[in-house]
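> just need the structure, nothing else, for what follows:
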Amino acid sequence: RRLLSAARDTPLEALWVLAVTTGLRQGELLALQWSEVDLEGASVRVTGTLTRIDVEIDSAGRAKTHRVTAPPKSARSRRRVEVGALAVAALREHRRRQVEQRHLAGTLWVDRNLVFCGATGGHLHPVQLNRELRSLLKVARLTVIRFHDLRHTAASLLLGRDVNPKKVSEMLGHSTVAVTLDTYSHVAPATHAAAAHVIAHSLGV
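Just a heads-up that it's a prediction; the model follows:
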C-alpha cells in the first residue's frame with residue numbers, strides 16, 4: 001500500500017500497480033502492447049518479453065546492444081491474466097496521459113504500440129525502471145528490493161490468502177504448479193499443522 005501510494009500520479013503508476021497485483025515479470029511489462037490489453041474484459045495477454053541482444057562489437061571491444069521483443073520464457077508464460085479494478089483504472093489513466101505525451105512528442109514519436117514506453121514511444125530501459133523503483137521505495141520509506149521482488153509480493157499475497165496454487169501458477173506463468181509450491185512454500189508455515197488438524201477433525205479425533 002505504501003509503495004502504490006508513493007507511485008500515485010507518477011508517469012508509471014499503472015506499471016507499478018500491474019507489477020504488484022499480477023506478478024508480471026519486468027520484461028513482460030516492458031513488452032506489453034495496447035493490443036494485448038482488454039480494459040473492458042479486465043485482462044492482459046502476455047505474448048512476449050523485452051530482451052537484450054548483442055548487435056556488433058565496436059572498436060573498443062564493447063558489444064553494442066538493442067532491445068527487442070522475444071517469445072516468453074516458456075510456453076506457460078504465454079497467458080491471459082485477469083486484472084482488478086485498481087489496475088484497470090490505472091491503465092485507463094495511463095492511456096489518457098500517453099495520448100498527451102504522444103501529442104507533445106509530435107514527429108519524434110515512434111509508434112511501437114507499447115503500453116509503457118519512453119518519452120518518444122521507444123522501449124523503456126530496465127536500468128531506468130530500477131532507478132524509478134529505488135526512488136519510490138525511498139519515498140515510501142521501504143527497504144530496498146529488486147524489481148523481481150514485486151512478483152514475489154503478488155504471489156505471496158495470493159497464496160497467503162488461500163488462492164488456489166494452480167490459479168496462482170497460471171497467473172505467474174510458471175511451467176508447473178510444482179514450481180509455484182516449491183518457490184513459495186514459506187508463505188504458509190502452518191500448512192503441515194493445519195493439514196494434520198484437518199485429518200484429525202475428519203476422523204473425529
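> backbone torsions only: list them for H174.
phi -70, psi 150 (degrees, to the nearest 10).
> make sure it is actually in contact with A75.
No - using C-beta atoms under 8 Å, H174 is not in contact with A75, being 11.3 Å away. All C-beta atoms are positioned from the backbone trio N, CA, C, and that covers glycine.
> just want to know which of those two has more residues nearby.
H174 (23 against 10; other C-beta atoms under 10 Å).
> A31 reaches T69, doesn't it?
Yes - with contacts counted by C-beta under 8 Å, A31 reaches T69, the gap being 4.5 Å.
> what about the helices in the chain?
2-7, 13-22, 26-31, 85-105, 126-139, 148-159, 165-172, 177-183, 191-202 (DSSP state H).
> reformat the ones you listed as JSON lines; add distance to G118 and mean pLDDT.
As requested, those are arranged in JSON lines below (distance: least, C-beta to C-beta, whole Å; pLDDT from 0 to 100):
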{"stretch": "helix 2-7", "distance to G118": "18", "mean pLDDT": "96"}
{"stretch": "helix 13-22", "distance to G118": "13", "mean pLDDT": "96"}
{"stretch": "helix 26-31", "distance to G118": "10", "mean pLDDT": "95"}
{"stretch": "helix 85-105", "distance to G118": "10", "mean pLDDT": "96"}
{"stretch": "helix 126-139", "distance to G118": "8", "mean pLDDT": "95"}
{"stretch": "helix 148-159", "distance to G118": "21", "mean pLDDT": "91"}
{"stretch": "helix 165-172", "distance to G118": "27", "mean pLDDT": "90"}
{"stretch": "helix 177-183", "distance to G118": "32", "mean pLDDT": "84"}
{"stretch": "helix 191-202", "distance to G118": "44", "mean pLDDT": "70"}
